[in-house]
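**Q** predicted model and sequence below, questions to follow.
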Amino acid sequence: MTKRQSCRNLPLMAGTTFDTRRAQMFPRLETAEVDRLRRFGQTVRVEAGEALATAGVPSPGLFVILSGRVALSRRDAHNESQPIVEHAAGQFIGEIAQLSGRPSLVDVTAITPVEALLIAPDRLRAVLIAEAELGERVMRALILRRVSLIETGAGGPIVIGRAADGEVIRLSGFLARNGHPYQHLDPDEVDCAKVLIQRFDVDESELPIVLCPNGAILRQPTNHQLGRCIGLVGPIDAERLYDVAIVGAGPAGLATAVYAASEGLSVLVLDSRAFGGQAGASARIENYLGFPTGITGMALMGRAYGQAQKFGAELAIPDEVASLVCEQDGQHRYRLALARGETAQARAVVIASGARYRRLEVDNLDQFEGASVHYWASPLEAKLCAGQEVALVGAGNSAGQAAVFLASHVRKVWMIVRGESLAATMSRYLIERIESTPNIEVIVRGEVVGLDGEGDQLATVRWRGPGGVETTQAINHLFLFIGAAPNTGWLANCHVELDNHGFVRTGTDLAPGHPLLQTSRKGVFAIGDVRAGSVKRVGAAIGEGAQAVAAIHAYLAEG
């Protein structure tokens, strides 16, 4: 954004996807195709001026226009309507949120009297499965519409606060990693941000604030509060018994959800942050089978997230599991206690909670976390440090991917590696990429020993290199990719057996002939990075997710 920009000058629907893939975003169905959809829905009629959907309010489903015209619009920061597109007979209204009955991101108003076919979320999922070719066209349109909304921020919440504020970074990162559109207005750059702050009588100390699509105003919200504001989080039925509850929505958890739901099991997925896990934060994965030119972690995991919804898995994000209650009642039943006081129960549980990022052992690290110290490198962080020098600590593939990605945005990347070289811990293709990137400098046998700055803004990083020589560099952003510790604290009350490093033991690691991927608790399985002995790769995690479903079927059959 340029200085002193008006909110009314912000981009609407002129995003790349809207311009280049409009025909796929807004296909017109043939009469015969509409007729094939009639068995999945019911006919509704509305008069001119009436609403079919309202931003911030759960949508009843997908509308297929049979006759008449409708207008789609979004609300700007002044709550004024801005047009997006119009639909006529043969076109359909909806995007990916309609798969799960979540709030609409846009307003839909009848221009003329309208007759439409309303397909509820559960019936829409049936369309995607029963009508393969037609369902593929519909699904592609729903995904592309969400992509376009993300590109422009249309229909999502508005975050008001300064770009360098750690809380703004947290909220923006949460929305971006959950694939949700949003706008960020910096009061130092956009005129109407100051106007809105004054209108809502917000003190500077209360920033950032979030304007929700339903009109609510949140002051410094938690991720969970923001999730409720945009409809990501809803109540969980404590009485419903799911076939399987999956804790963690990384590649392993999402793979389990897709395969289990597609085979008819009732599935609940819980994650405390966002779908995709650490893989979702990867700037580019180039060694994943079937993607020779590479794919971003967010794109890969976003597709998996959409697949899980397509097959009917219920995803509760952000929703943190506080503990697993292992007392069974003889009916193959486990209970999950959630951090916000709710409970969920399932016949089987899959531990796919991955790992938590390791922190650097520097005394004042927490002073800079959020605003200046980062544990992933996404376009959001790249924008924050564009044109600057940054430091990155780590020597694994994630560190290599982040270094290459950041190098295309920043002036220089100082890559600090504890070992003698990258060869022992990083794939060869990434090492070659780093060696050929002139603005990446690798410091081997290096260790960060000091951080300095004011408030939460980092000013310098001090590291010790070969021969014990210390270097102090003016750096405002530090990226840490130094591995992760298993996220198993929530299993303490259940006494699931762990190894000496805190990873979950499974299969023959427990005893000869012990069921594959099953933990020391019957009906509780562990997959992905949290499992002892697992291969820490996206492909391996997805494979274990598929294997887990076979093991779950075998376990449920015993009951």
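**A** Now that the structure is in, tell me what you want to look at.
**Q** isn't Val390 right next to Met415, touching?
**A** No. Val390 is beyond contact range of Met415, at 9.7 Å (criterion: C-beta atoms under 8 Å). Glycine gets a C-beta too; all of them are placed from N, C-alpha and C.
**Q** distance of Asp186 relative to Pro208?
**A** Distance of Asp186 to Pro208, computed by C-beta to C-beta, to the nearest Å: 10 Å.
**Q** quickly list what the nearest residue in space to Gly68 that is not next to it in sequence is bridged to.
**A** Leaving out its chain neighbours, the residue that sits closest to Gly68 by C-beta to C-beta, 6 or more residues apart in numbering is Val114, at 3.5 Å. Legend: beta-bridge partners of Val114 under DSSP bridges are Val46.
**Q** quick check: Val114 touching Val70?
**A** Yes. Counting by C-beta under 8 Å, Val114 touches Val70, with 6.0 Å between them.
**Q** mean confidence for stretch 32-42?
**A** Averaged over stretch 32-42, pLDDT sits at 97.
**Q** ok, back up a step: burial measure for the residue nearest to Gly68, as a count.
**A** For Val114, the count of nearby residues is 25 (other C-beta atoms under 10 Å).
**Q** got the contact list for it?
**A** Contact partners of Val114, counting by C-beta atoms under 8 Å, 6 or more residues apart in numbering, are Arg45, Val46, Ala48, Leu52, Ile65, Ser67, Gly68, Arg69, Val70.
**Q** specify which member of the residues you listed is nearest to Leu451.
**A** Leu52 (53.5 Å; C-beta to C-beta).
**Q** roughly how far apart are the residue nearest to Gly68 and Arg69?
**A** 7 Å.
**Q** with Pro27 instead?
**A** Per C-beta to C-beta, Pro27 is found 17 Å from Arg69.
**Q** same check on His495?
**A** Taking C-beta to C-beta as the criterion, His495 is separated from Arg69 by 62 Å.
**Q** who has more neighbours out of these two?
**A** Arg69 (16 against 11).
**Q** counting neighbours, what do you get for the closest residue in space to the more buried one that isn't next to it in sequence?
**A** Nearest non-adjacent residue to Arg69, counting by C-beta to C-beta, 6+ apart: Ile111, 4.3 Å away. Close neighbours of Ile111, defined as other C-beta under 10 Å, add up to 14.
**Q** give me the secondary structure label for the residue located most distally from the centre of the chain.
**A** The C-alpha centroid of the chain is most remote from Gly467, which lies 42.5 Å away (C-alpha atoms, centre = their mean). Following DSSP: H, G, I helix; E, B strand; the rest coil, we place Gly467 in the helix state.
**Q** any idea how far Ser104 is from the closest residue to Ser81 other than its chain neighbours?
**A** In space, and not counting its chain neighbours, Ser81 is closest to Ser73: 4.6 Å by C-beta to C-beta, 6+ apart. According to C-beta to C-beta, Ser73 stands 11 Å off from Ser104.
**Q** so these two - more neighbours on which side?
**A** Ser104 (25 against 20).
**Q** can you give me phi and psi for the more buried one?
**A** phi -70, psi 150 (degrees, to the nearest 10).
**Q** again with Trp490
**A** Dihedral pair for Trp490: phi -70, psi -10, per degrees, to the nearest 10.
**Q** what about the residue nearest to Pro515 when sequence neighbours are not counted, neighbour count?
**A** Of all residues not flanking Pro515 in the chain, Ala551 sits nearest, at 6.1 Å (C-beta to C-beta, 6+ apart). When neighbours are counted by other C-beta under 10 Å, Ala551 registers 21.
**Q** isn't Ala551 up against His514?
**A** No. Counting by C-beta under 8 Å, Ala551 sits too far from His514 to count as a contact (11.0 Å).
**Q** returning to that earlier point: please enumerate the shared neighbours of Asp186 and Pro208.
**A** Counting by C-beta under 8 Å, 6+ apart, the residues touching both Asp186 and Pro208 are Gly161, Arg162.
**Q** and the helices in the stretch 301-450 of the chain?
**A** 365-368, 379-384, 397-407, 428-435 (DSSP state H, counting those that start in this stretch).
**Q** in TSV, list these along with distance to Arg273.
**A** As requested, the helices of the stretch 301-450 of the chain are exported to TSV (distance: least, C-beta to C-beta, whole Å):
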stretch	distance to Arg273
helix 365-368	18
helix 379-384	15
helix 397-407	16
helix 428-435	26
